[in-house]
Every structure is written in C-alpha cells, then in structure tokens.
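# Here's a sequence, model it:
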Amino acid sequence: MELHERISPGQSAASNTKVDPFAEIKNRIHLGVIEDLGRQIFNDDVDRAALKSKVTAEITTRLSQESGIAREDRVVIAEDITDDILGHGPLERLLADDTVTEIMVNGPSDIWIERKGKLIPTSVRFADESHLRRIINKMVAEVGRRIDESVPMVDARLADGSRVNAVIPPLSLSGPLVTIRKFSKDRWDLDDLVRKDALSLDTADFLRRCVEAELNVLVSGGTGTGKTTLLNALSTAIPDSDRIITIEDSAELRLNQRHVLRMECRPSNVEGEGAVEIRDLVRNSLRMRPDRIIVGEVRGAEALDMLQAMNTGHDGSLCTAHANSARDALARIETMVLMAGYDLPLRAIRQQVCSALDLIVHLERLMDGSRRVTTITEVQRMESDVIGLQPLFDFKVDSVTETRAVVGSLRATGLRPTFLDKFEKRSIKLPANLFQVVPQPVQVSPLAARVGTR
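Numbers count the residues shown, from 1 in each chain. Prediction:
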C-alpha cells in the first residue's frame, strides 16, 4: 500500500510528518543488517565505498521480501536505512547542506536549522525517540564517548570537525536534544572573511601582519559569532616553520602547516576518574618546545597558565573567549584566573593580563544575522588599577535597509598602537595611512533631500 493510502482522511498535514508508517519495517531491516555486517560497519579499515554498496544491496534484498510497498517508497526507505547505518539518519541531508550552519534537534519531531543567521523549522523527522537515541549513540561512539542515564550530557564532534552537544532524559524533559555546530568543509582564510564582509581589506591585512609579528591575540564574542572561524583564519598567517600546538575541548581547528600537534581534553570515565582538563594540556604543552600555542577556548582555570605561557616567551599565541565586548573579555579573563584557586591580588592579575595580551578582536552577530568583527582593540599598560584599552578599528553602521540588512564597515579610529616596535623587530612594515581616519560621505535621507530642495 502506498504512503498516501495509509493516511486517514481526518489526519492533518502536521500530524503526517510526525508519523512514519514504515517505522517498524525500517527498525527490523536496520537491526538485521547491523547483525549481519556489524563488524564491517564499525571497522575503520574497510573501504567505505565498497561497504556502502554492500549495505545498499543487503537492504534492497530485505526490502524485496516486504510486500505492499510502492517503488518510490522503497527507494526512500532504502536511503533512510542507509543513512542510519552509515551516516546520521535524517540529519544526513542537513549535514550535507553547506548553507546550514547549525542543526537543532528539539526531540524526534521538532528539528530546526540556522541558515544565514536565521532560525528555520524543517520537515525532517525521526521515527521516534529510540531512532533519535540510536543516532546520538552513533555520534558519540565515533569519538570514544558514551551517553546514557548515568552520563546524560556529552560534547563530541563529527568526522568533519562539527561540534555536537547532546542531552537526554532525565536532564532533558523534552526528550533527547542535539545541537550540531557545523563547520565549513573548506578552511576559510582572512580573504574569505573579507568576501563575507566580516572584515575590511585593510583590517584583514593588519591582522595577518599581527600574527606574523607574533602578537598575542584574544578573539572574543558571543555564542555563534564566528570566533573559531576567525581563529582558523588567523592561523593561516602562521609561518610553516613554526611548531604549533593546538589545545581544544573538542577538536575543531584545522591547520595546514607542517608542524602541528593537536591535543584534545578528555572527560572522566563512569567512575569519575581519568579526566584530562585543558589546563593540564596547557601545562604539558610548555614542555613540548612550542613556538605557538593555540587554545580553542579559554573557559576556566587554564586562563592563568595561558597568561603564564604568553609571558614566558611563547609570543604569537592565539585563543578565544566568550564575552560581550573587549572590556568584558578582560573581566572574564580575570575571573577565570581566580578560578585557579590562588589568592592573587587583582592588581597582580591585571598586570599579568596587560603584559600577556597585545590585541583583542571582538565579533558580534548583527540584527540581520551577519557575523562581523566590530572592534579591534589594543591592550595597553595599567593606568592606576585599570587596564588601558585603545580601539584601533570600530564598526560603524551607515544604514539599515528595509530588509533589515546592516550596511556599515570597520574603520580606523585614528589612534596608533604602541606595539609597533614588535613589527620593527621582525622587519614587518605597515601601510603609512593604515590608522588614518578616512572621511565618509554624509548620508542624507530622502526626506531631508526633499526639504532642502524647496
């Protein structure tokens, strides 16, 4: 019987998307194929193309033994089961869509995506909660982690580097929840960010030279503003001869240099033992003769060890932190240093901060969904008990269109940084007019123009 014949006249279109008439058949075939080909499916040494052909053939054979299914439905069922076994089920088509930047699963029947900074509901559905749990288990198992009632919350990553967060009952009262932060298949550099209007051409060139001059840079911003993307882009300016160590909670950075050592922290096991924190990895990295240390995100006591590394000869280090502004980023760093458990005077902490950091690059997600660098700020020395901050570039909004698109650009403030001696030591030259204020044409509204002509 075909799909449209299985739906009673009283059912609404919304309820149709939540009911899979072939759920029982899919589950039966899925389990059968797993039993027959299980070892081959989870063996990394098996040719994936050959395995897909074998899985598809097995599914087709089993489907041929089922009666009352239309040819079109058989094709869809085969694709769904293949995605479940070799991929990530209904999410596979969303993961393959390069325009989707985030996937939010609020239960088996409520899946949203982010596209161009906007949240959009989708018609993608899981058969039931058990179907969704199978996909979650597959995701976390790929990186050697587990999720169950004893460990109901987990962070993981997919093979392409996308970040996965999953929460299941009893912590979640809405069923299994999954949030996937996707990353571009292609590694973006600063020129790509210029084409996306996240940076201006001059500021991109300035940041590239800052990395070459081995300035210590902190990238700050809110959730989903593009901090990791910018960190990846900044890392492209690191010379190929440098020995680089990356430290992350969940490995997302992708560096193409020849001498890159990647480290990832490890959560505790079921007994609550064996955890390796980012702070432990930062400490250990100092014994590995790094030229540069890149911390994916500073979020705790490791802030103290990162500052110590920057202050003991590891110039050119990069890291990110959640914050609402450059000033807030410094306040968060101070708070995280206090989390290390040492009773340090606030003035001593601030002296460490201003001595370690040279530059703060702050990003924001604007009202139109675009992600922009809004300030590039120099970290100066202490003035009384306050760390001096000097904005070098600020984002200025020229107008907002009828479609709520923000028109503006990142412009120089006219202030020159005090760290120019670091550029001179490494024979790196900056354009003479880089920090000059460029006069902008006066924006005259249509109404003012009409009044002026009378």
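# what does the domain assignment say about the protein?
Split into domains by automatic domain parsing, the chain comes to 1-86, 91-185, 190-425.
# Mean pLDDT lowest where, among the ones you listed?
With a mean of 68, domain 1-86 has the lowest mean pLDDT of those.
# ok, so what distance separates the closest residue to T236 other than its chain neighbours from S174?
Nearest in space to T236, with sequence neighbours left out and distances taken as C-beta to C-beta, 6 or more residues apart in numbering, is D189 at 4.4 Å. All C-beta spots, glycine's among them, are computed from the backbone N, C-alpha and C. Here D189 is placed at a distance of 40 Å from S174 (C-beta to C-beta, to the nearest Å).
# Stretch 398-407: which residues count as buried?
For stretch 398-407, the buried set under the neighbour-count rule, 16 or more other C-beta atoms under 10 Å, comprises V406.
# So what would you say the end-to-end distance of it is?
This stretch, stretch 398-407, spans 6 Å end to end (C-alpha to C-alpha, to the nearest Å).
# and if you look at stretch 61-68?
End-to-end distance (C-alpha to C-alpha), stretch 61-68: 15 Å.
# still on that earlier bit, between D189 and S174, who's got more neighbours?
D189 (17 against 10; other C-beta atoms under 10 Å).
# Now stretch 230-239: buried residues?
Applying a neighbour-count criterion of 16+ other C-beta under 10 Å, one finds 230-238 buried in stretch 230-239.
# what's the answer for stretch 338-355, then?
Buried, per 16+ other C-beta under 10 Å, within stretch 338-355: 349-350, 352-354.
# For I59, give me its contacts.
Neighbour list for I59: 29, 33, 78, 81-82 [criterion: C-beta atoms under 8 Å, 6 or more residues apart in numbering].
# Does K182 touch S162 like I think?
Yes: if you go by C-beta atoms under 8 Å, K182 and S162 touch, sitting 4.8 Å apart.
# and H362, that's in a strand?
Yes: remark: H362 belongs to a strand, assigned using DSSP: H, G, I helix; E, B strand; the rest coil.
# need the contact list for it.
Neighbouring residues of H362 by C-beta under 8 Å, 6+ apart: 219-221, 323, 325-326, 329, 373-377.
# Go again with 6 Å.
Listed by C-beta atoms under 6 Å, 6 or more residues apart in numbering, the contact partners of H362 are 220-221, 326, 374-375.
# just I278 next, same as before
Contacts here follow C-beta under 6 Å, 6+ apart; on that basis I278 touches 247, 265, 302.
# Can you name the element that comes right after the host helix or strand of the first one?
Just to be clear, that refers to I247. Element membership for I247 (DSSP states H and E) is strand 244-248. Counting by DSSP H and E, the element after strand 244-248 in chain order, helix or strand, is strand 260-264.
# Could you pull up the residues touching K182?
So K182 contacts 101, 162 (C-beta under 6 Å, 6+ apart).
# Show the backbone phi and psi for it.
For K182, the backbone dihedrals (degrees, to the nearest 10) come out as phi -80, psi 150.
# G117 versus T99, what's the distance?
As defined by C-beta to C-beta, T99 lies at a distance of 11 Å from G117.
# From the buried residues of stretch 338-355, which land in helices?
Secondary structure from DSSP state H places 349-350, 352-354 of the buried residues of stretch 338-355 in helices.
# Now distance to E66 too, for those residues, in a markdown table please.
A markdown table is the format used below for these (distance: C-beta to C-beta, whole Å):
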| residue | distance to E66 |
| --- | --- |
| I349 | 67 |
| R350 | 70 |
| Q352 | 68 |
| V353 | 66 |
| C354 | 70 |
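# which of these lies closest to H88?
V353 (41.7 Å; C-beta to C-beta).
# Distance check, the closest one against I69.
For V353, the distance to I69 equals 65 Å [C-beta to C-beta].
# Looking at the buried residues of stretch 230-239, which one is closest to D280?
Closest approach to D280 among the buried residues of stretch 230-239 (C-beta to C-beta): L231, at 21.2 Å.
# angle of the strand or helix carrying that closest one against strand 244-248?
Per DSSP H and E: L231 is located in helix 227-235. Here the directions of helix 227-235 and strand 244-248 differ by 180 degrees (axes from the mean of the first three to the mean of the last three C-alpha atoms, to 10 degrees).
# Check the chain for its longest strand and report it.
Looking across the chain with DSSP state E, the single longest strand is strand 386-400.
# Now tell me what touches that strand from outside.
203, 326, 330, 350, 354, 372, 374-378, 380, 406-408, 410-413, 415, 417.
# so of those, which ones are in strands?
Taking DSSP E, the ones among those that sit in strands are 372, 374-378, 380, 406-408, 410-412.
# Next, format the residues you listed as JSON lines and append distance to A340.
As requested, these are exported to JSON lines (distance: C-beta to C-beta, whole Å):
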{"residue": "R372", "distance to A340": "33"}
{"residue": "T374", "distance to A340": "30"}
{"residue": "T375", "distance to A340": "28"}
{"residue": "I376", "distance to A340": "29"}
{"residue": "T377", "distance to A340": "25"}
{"residue": "E378", "distance to A340": "26"}
{"residue": "Q380", "distance to A340": "25"}
{"residue": "V406", "distance to A340": "39"}
{"residue": "V407", "distance to A340": "44"}
{"residue": "G408", "distance to A340": "39"}
{"residue": "L410", "distance to A340": "35"}
{"residue": "R411", "distance to A340": "38"}
{"residue": "A412", "distance to A340": "37"}
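# And the residues you listed, which two are furthest apart?
Using C-beta to C-beta, the ones in strands among the contacts of strand 386-400 span at most 31.7 Å, a distance reached by Q380 and V407.
# Could you pull up the contacting residues of T413?
Each residue near T413 by C-beta under 6 Å, 6+ apart is listed here: 391, 394.
# Can you give me the distance of it to L434?
Per C-beta to C-beta, T413 is found 12 Å from L434.
# Next: V406.
Distance from V406 to L434, by C-beta to C-beta: 24 Å.
# How about A23?
According to C-beta to C-beta, A23 and L434 sit 62 Å apart.
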